[in-house]
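Asks: got a sequence here, can you model it:
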Amino acid sequence: MPNIKIFSGSSHQDLSQKIADRLGLELGKVVTKKFSNQETCVEPLDWIRFAFGALTGVQQRTYRVLSPLVVFPPESKSFLIRNVWKLEKVYVEKMSTLFKVGVSRAPISAKLVANMLSVAGADHIITMDLHASQIQGFFDIPVDNLYAEPAVLKWIRENISEWRNCTIVSPDAGGAKRVTSIADRLNVDFALIHKERKKANEVDRMVLVGDVKDRVAILVDDMADTCGTICHAAEKLLSAGATRVYAILTHGIFSGPAISRINNACFEAVVVTNTIPQEDKMKHCSKIQVIDISMILAEAIRRTHNGESVSYLFSHVPL
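Replies: Next comes the predicted model:
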């Protein structure tokens, strides 16, 4: 793959290395450091001044460290790079203000982040399982939103022996489209849980819509933060007659009491992709398993660079 440089942010070096290995490239040399006043300095060390036409892939977790992600593109533009290309693994912040107005005068944070990335110099965005598809409309530049669904389907078929007798469950009404798609491709039933909240991160009541009696229940969602919802959902499914309960999540944030809740919950396994590093979490929770999606991201880079269709990745896992 000529005329392409892959640079990594500071948050997930392992995934960046896997993507580079998949493409047969070496990671670009870049120094990211913070001063004592938390000011961020990003300095690319590779010689890219005359690499006109190259793509610069920068991956960084936006929900925790946004500044290196925004600082890098102007650096790249100054070196005459034609397409500064952001590889966004996660586009999640506190969901109460991310993509919609919940109460009068509340901000829409996703639009702010979209503006920051565009103004910083990004010409193309690649995301993985956006919490809401309408976020793509906040950008004035092309956005390719990839899905973890093909990798999830592969994991279910290979790791759950009774998957033909399972029910795919959404822990809230917002994920109904996601679970119906997975259920249709597995040719199994689906269910959803209607939840009512007292306040953010606190579920008041849950109502199961669907049948899970004497079946394996597989909870599927795009992200889990404090894990209160999925743990309550697991209890609801067991009380409704489910034989075993799995949770499959694209982005495992696992903040606050999440790990202790998972350890005390009735899950057979909590499966997440490696969009966020999970090594430390796995040391404290044996139930967490990881699906590697680096091949999907690497193939998206290759296809975009070569002008090929990315839609193939919506339903297939690259070999």
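
Asks: which strand or helix spans Ala122?
Replies: Take DSSP states H and E as the rule and Ala122 turns out to sit in neither a helix nor a strand.

Asks: Pro150 now?
Replies: Assigned by DSSP H and E, Pro150 belongs to helix 149-159.

Asks: list the buried residues of that helix.
Replies: Glu149, Pro150, Ala151, Val152, Leu153, Trp155, Ile156 (16 or more other C-beta atoms under 10 Å). To be clear about C-beta, it is placed using only N, CA and C from the backbone, and glycine gets the same treatment.

Asks: what is it packed up against?
Replies: Contacts of helix 149-159 with other secondary structure elements, assessed using 3 or more C-beta pairs under 8 Å, 6 or more residues apart in numbering; DSSP states H and E, are made with helix 176-186, strand 244-252, strand 269-273, strand 288-291.

Asks: quick one, phi psi at Cys41?
Replies: Phi and psi for Cys41, reported as degrees, to the nearest 10, are phi -120, psi 120.

Asks: which pLDDT value belongs to it?
Replies: What the model reports as pLDDT for Cys41 is 72.

Asks: what is the neighbour count of it?
Replies: When counting by other C-beta atoms under 10 Å, one arrives at 12 neighbours for Cys41.

Asks: same check on Ser161?
Replies: Residues contacting Ser161 under the criterion other C-beta under 10 Å number 9.

Asks: and the helix or strand containing Ser16, average pLDDT?
Replies: When secondary structure is defined by DSSP H and E, Ser16 falls within helix 13-23. On average, the pLDDT along helix 13-23 is 88.

Asks: tell me the buried residues in it?
Replies: Buried positions in helix 13-23, judged by neighbour count with 16+ other C-beta under 10 Å: Leu15, Ser16, Lys18, Ile19, Ala20, Arg22, Leu23.

Asks: among the residues you listed, which pair sits farthest apart?
Replies: Maximum pairwise distance among the buried residues of helix 13-23 (C-beta to C-beta): 12.9 Å, between Leu15 and Leu23.

Asks: between the two, which contacts overlap?
Replies: Taking C-beta atoms under 8 Å, 6 or more residues apart in numbering as the contact definition, Leu15 and Leu23 share no neighbouring residue.

Asks: related to what we said a few turns ago, angle of the helix holding Pro150 against strand 269-273?
Replies: Between helix 149-159 and strand 269-273, the angle formed by their directions is 150 degrees, by axes from the mean of the first three to the mean of the last three C-alpha atoms, to 10 degrees.

Asks: run the angle between helix 149-159 and helix 176-186 for me.
Replies: Note on geometry: by the same axes, to 10 degrees, helix 149-159 and helix 176-186 are set 50 degrees apart in direction.

Asks: residues in contact with helix 149-159?
Replies: 163, 166, 178, 181-182, 185-186, 218, 220, 248, 269, 271, 273, 291-293, 296, 313-317.
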